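Student: what follows is a protein structure lacking sequence information:
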């Protein structure tokens, strides 16, 4: 009986020891965040294209972080402050925690702090940290007229019947961004009543917005204009632009196909050969007649 009791007591003791060994380290020795946790923000001098990563890790490998939250406050280039708002940080090992802040516009001031807690749920709060996104802040329209602020182009420049036409715009003024735009059209086909439509323009690269007008048959007149707005949602309306898919200009009947490239090339070669021959015989005839 006694050996059995001794074995049971030993088993309980071993379980207690294992439990203590498996438990993460004790609570923070002091209530100062920076004494136990290192915080870094990088890159230190971000641009509007850079995401910023906030990282924390324990200075003592025997201290574990059970959880952490990043509190983020930002002041926009327009001097509007939002937050601070909480964002949970992520960790692979309870020693290192990170959160990545998405890129912000030039001129944005970002301020942040972190709250972390250990396995006794004792919280530590960091000091405030901040960074400013480098580069000049974006501006609103600088001129009252549309064409002073915005450049308009189209492709192809001289549309043919049934061609799709892409209309593109970009800001003419540095640091002034076009936040959005709509393309409106009115088209008239021969004697039919005018019809209207519109398309939202979208960014196709870092500077240009574009939308595509569908192709129309010969005899259609297409009129288009643009309404664009800046960061303050202040709008500017363009003048009217147009192109005419005239029947006389392109073909007498839209079912007649346009000349093929080979045909055009053959005509050019034929003319290049025939013109010198015609000039030679005309000159020979003039000489026979005795015309100087």
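Tutor: Here it is on my side, so go on. These figures come from a predicted structure and were not determined experimentally. Residues are numbered from 1 along each chain as shown.
Student: pLDDT score for residue 201?
Tutor: We have a pLDDT of 95 for residue 201.
Student: list the helices and strands the host helix or strand of it packs on?
Tutor: Assignment of secondary structure by DSSP states H and E places residue 201 within strand 195-203. Packing partners of strand 195-203 (3 or more Cβ pairs under 8 Å, 6 or more residues apart in numbering; DSSP states H and E): strand 180-189, strand 209-213. Every residue, glycine included, has its C-beta placed from N, CA and C.
Student: and the very next helix or strand once past the shortest one, which strands flank it?
Tutor: To tie it back to what came earlier, the one meant is strand 209-213. Once the chain leaves strand 209-213, the next helix or strand it forms, by DSSP H and E, is strand 220-229. With DSSP bridges as the test, strand 220-229 is paired with strand 180-189 (antiparallel), strand 235-237 (antiparallel), strand 241-245 (antiparallel).
Student: looking at those, which is closest to residue 66?
Tutor: Nearest to residue 66 among the strands paired with strand 220-229 is strand 180-189 (44.6 Å), distances taken as Cβ to Cβ.
Student: tell me which residues of that closest one come out buried.
Tutor: 180, 181, 183, 184, 185, 186, 187, 188, 189 (16 or more other Cβ atoms under 10 Å).
Student: list the contacts for residue 47?
Tutor: Residue 47 sits next to 106, 133, 134, 135 when contact means Cβ atoms under 8 Å, 6 or more residues apart in numbering.
Student: the buried residues of strand 180-189 into CSV, with extra columns for distance to residue 229 and pLDDT?
Tutor: Listed next are the buried residues of strand 180-189 as CSV, based on distance: Cβ to Cβ, whole Å; pLDDT from 0 to 100:
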residue, distance to residue 229, pLDDT
180, 6, 93
181, 7, 96
183, 13, 97
184, 14, 97
185, 19, 97
186, 21, 96
187, 25, 94
188, 28, 93
189, 31, 90
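Student: now do the buried residues in stretch 39-50.
Tutor: Under 16+ other Cβ under 10 Å, the buried positions of stretch 39-50 are 39, 41, 46, 50.
Student: of these, which belong to strands?
Tutor: Among the buried residues of stretch 39-50, the members falling in strands (DSSP state E) are 39, 41.
Student: pLDDT and distance to residue 220 added to the buried residues of stretch 39-50, as JSON lines?
Tutor: JSON lines is the format used below for these (pLDDT from 0 to 100; distance: Cβ to Cβ, whole Å):
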{"residue": "39", "pLDDT": "97", "distance to residue 220": "64"}
{"residue": "41", "pLDDT": "96", "distance to residue 220": "58"}
{"residue": "46", "pLDDT": "91", "distance to residue 220": "50"}
{"residue": "50", "pLDDT": "88", "distance to residue 220": "48"}
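Student: closest to residue 148 among the buried residues of strand 180-189?
Tutor: Ranked by distance to residue 148 (Cβ to Cβ), those are led by residue 181 at 15.7 Å.
Student: between the strand holding residue 201 and strand 220-229, what angle do the directions make?
Tutor: Counting by axes from the mean of the first three to the mean of the last three Cα atoms, to 10 degrees, strand 195-203 lies at 50 degrees to strand 220-229.
Student: what would the strands paired with strand 220-229 look like in JSON lines with distance to residue 59?
Tutor: JSON lines is the format used below for these (distance: least, Cβ to Cβ, whole Å):
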{"stretch": "strand 180-189", "distance to residue 59": "48"}
{"stretch": "strand 235-237", "distance to residue 59": "55"}
{"stretch": "strand 241-245", "distance to residue 59": "65"}
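Student: what's the closest of those to residue 198?
Tutor: The nearest among those, by Cβ to Cβ, is strand 180-189 at 4.5 Å.
Student: contacts for that closest one?
Tutor: Residues contacting strand 180-189 (Cβ under 8 Å, 6+ apart): 167, 169, 194-201, 209, 211, 213, 216-217, 219-229.
Student: helices along this structure, start to end?
Tutor: For the chain, applying DSSP state H gives helices covering 2-22, 33-36, 146-149, 247-250, 261-288.
Student: I'd like the contacts of residue 47 written out as CSV, with neighbour count, pLDDT and distance to residue 162 added.
Tutor: Listed next are these as CSV, based on neighbours: other Cβ atoms under 10 Å; pLDDT from 0 to 100; distance: Cβ to Cβ, whole Å:
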residue, neighbour count, pLDDT, distance to residue 162
106, 17, 82, 43
133, 22, 90, 47
134, 12, 83, 49
135, 16, 71, 44
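Student: ok, so of the residues you listed, who is nearest residue 27?
Tutor: For the contacts of residue 47, the nearest to residue 27 is residue 133 (37.8 Å; Cβ to Cβ).
Student: that closest one: what's it in contact with?
Tutor: Per Cβ under 8 Å, 6+ apart, neighbours of residue 133: 46, 47, 48, 50, 103, 104, 105, 106, 107, 108, 109, 110.
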